[in-house]
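> no sequence for this one, just the structure:
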């Protein structure tokens, strides 16, 4: 089974989140396992979180990213998730942070890294 980590800010009602959910809903779950790493806004309702969990996805919640310190904390959190998860691919939807997210994935030997800006 191939393991994929989607990295995005939130699982609110939005375009990126909808696309990720549609992939989860329609993917062959015997071949692929998708998990999420999010850094949710404190008061935002994470609409898709319970829905993707119903489809067998894990959702890892990092602290919200505020400033340089927040970015560093997030990237350290990501590194721990990747080390524990044995992922085959990282699909990042973090806009300006895609390079940092995928650089860590590359350093850890994850063979497929996708940068997606919506």
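Yep, that arrived. It should be emphasised that the depicted structure is a prediction, and the values quoted were computed from it without experimental measurement. Residues are numbered from 1 along each chain as shown.

> wait, is residue 11 part of a helix?
No. Counting by DSSP: H, G, I helix; E, B strand; the rest coil, residue 11 falls outside a helix, being coil.

> That one reaches residue 50, doesn't it?
No. If you go by C-beta atoms under 8 Å, residue 11 and residue 50 don't touch, sitting 9.1 Å apart. C-beta here means a position set from N, CA and C on the backbone, and glycine is covered the same way.

> So between those two, which is more surrounded?
residue 11 (27 against 10; other C-beta atoms under 10 Å).

> mind checking the backbone torsions on that one?
Torsion angles at residue 11 (phi, psi; degrees, to the nearest 10) stand at phi -120, psi 40.

> Please name the residues that touch it.
Residues near residue 11 by C-beta atoms under 8 Å, 6 or more residues apart in numbering: 17, 20, 36, 38, 40, 46, 47, 48, 49, 52, 59.

> Look up how far residue 1 lies from the first one.
Right, residue 17. Distance of residue 17 to residue 1, given as C-beta to C-beta, to the nearest Å: 24 Å.

> ok, now the third one?
Relative to residue 1, residue 36 is positioned 17 Å away (criterion: C-beta to C-beta).

> Looking at the two, which is more packed in?
Counted by other C-beta under 10 Å, residue 36 and residue 1 do not tie: residue 36 has more neighbours, with 25 against 9.

> quick check, the more buried one in a strand?
Yes. Assignment of residue 36 by three-state DSSP places it within a strand.

> So which bits of the longest helix seen in the chain are buried?
Longest helix in the chain, counting residues (DSSP state H): helix 67-85. By 16 or more other C-beta atoms under 10 Å, the buried positions in helix 67-85 come out as 73, 74, 75, 77, 78, 81, 82, 85.

> just stretch 15-27 next, same as before
16, 17, 20, 21, 24.
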